[in-house]
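A.B. asks: Mind looking at a prediction? Sequence and model below.
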Amino acid sequence: MSLLTIYDEIIPSARRILSINGHKLGYVVESGGGPPAILTDGNTKGWYDYSDLTTLTLRGSYVSAWGDKLLGANTLLQATEDKQPLLTSTGILFDAIDDWIRMNDFTSVQPEYLYLVIRNVTHINNKYMLDGNNINRMSLYTTTTSGMIQGYVGGYTGAVSLTVGNFGIVRYFINTTSSKLQVNEDTPWEGTLTTQNGFGLILGASGGYSSHSNIEVKEVILRNIVDTPTNEAAIYNYLKIKYAL
């Protein structure tokens with residue numbers, strides 16, 4: 001009897017189940033599925049991956065610290081128990097009531113390139129998905145139109161679509177006259193923002209710890225460099241393959 005080898009089931013993290021005649025033997029990693037080497041070039045100021053449990057400090061299922069995969073000092077922290085987001089099977093969930101988690105202040109100056117795998121669980125108007133450590137320094141928030149998000153850094157980006165309930169890959173590049181906001185491979189907003197710097201990152205609320213959003217986050221990458229089109233594509237494709245988006 002001849003043996004037939006098939007790849008019959010995609011699972012997260014860019015792997016496929018390997019089966020022979022219906023018997024599952026293990027998995028293989030898809031070509032190109034691993035993180036690009038560029039993420040270790042010294043310009044990644046924070047890299048946060050919910051599926052890497054070694055980076056999480058938990059109180060039950062609640063997250064008090066979310067560490068940098070590169071073992072840097074820029075850990076996201078939340079010491080107050082009732083403000084801690086929840087680790088779920090699909091990401092880190094913020095409740096839109098009082099959850100947030102943030103870095104301590106550090107020198108994060110433009111260019112600030114953010115790559116996020118995120119979903120807006122429930123659309124609530126004008127709520128902050130993220131910000132810098134000072135309010136409106138690196139804002140990304142929901143608009144008054146369901147499913148639309150917008151940035152603000154001393155001036156507004158255009159609004160772009162992030163379908164409510166669906167994870168998407170958001171590229172939010174803050175670099176004065178060469179700024180960009182894009183979801184997946186949709187048409188981006190490109191234009192000018194001011195020279196304000198983020199000085200860190202907060203998820204789930206504004207830099208003033210208010211206007212909380214109902215979001216879920218899988219992965220965040222913050223870089224302090226203008227990524228070339230090749231490097232940007234490598235990071236985007238890594239996230240796209242890993243999460244089958």
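C.D. replies: That came through fine. Residues are numbered from 1 along each chain as shown.
A.B. asks: The most centrally placed residue in the chain sits in which helix or strand?
C.D. replies: For the chain, the residue lying nearest the average C-alpha position, counting by Cα atoms, centre = their mean, turns out to be Leu116 (2.3 Å). Using DSSP states H and E, Leu116 maps to strand 112-122.
A.B. asks: could I get that strand in CSV with only the CA atoms?
C.D. replies: What follows is strand 112-122, C-alpha atoms only, in CSV (Å, rounded to 0.1, in the frame of the first residue of the first chain):
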residue,chain,number,x,y,z
GLU,A,112,8.3,55.1,16.3
TYR,A,113,7.1,52.2,14.3
LEU,A,114,4.4,50.0,15.9
TYR,A,115,3.2,46.7,14.6
LEU,A,116,0.2,45.2,16.4
VAL,A,117,-2.0,42.2,16.2
ILE,A,118,-5.2,43.5,17.8
ARG,A,119,-8.9,43.4,17.7
ASN,A,120,-11.6,45.8,18.9
VAL,A,121,-13.9,43.4,20.8
THR,A,122,-16.7,46.0,21.3
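A.B. asks: If you count contacts, what does it end up packed against?
C.D. replies: If you count contacts as 3 or more Cβ pairs under 8 Å, 6 or more residues apart in numbering; DSSP states H and E, strand 112-122 packs onto strand 128-131, strand 168-174, strand 214-223, helix 229-242. Every C-beta, even on glycine, is put in place using the N, C-alpha and C of the backbone.
A.B. asks: and the angle from the third one to helix 229-242?
C.D. replies: The directions of strand 214-223 and helix 229-242 differ by 140 degrees, with axes from the mean of the first three to the mean of the last three Cα atoms, to 10 degrees as the criterion.
A.B. asks: what pairs with strand 214-223, and is each one parallel or antiparallel?
C.D. replies: Next to strand 214-223 in the sheet, as set by DSSP bridges, lie strand 44-49 (antiparallel), strand 92-93 (antiparallel), strand 112-122 (antiparallel).
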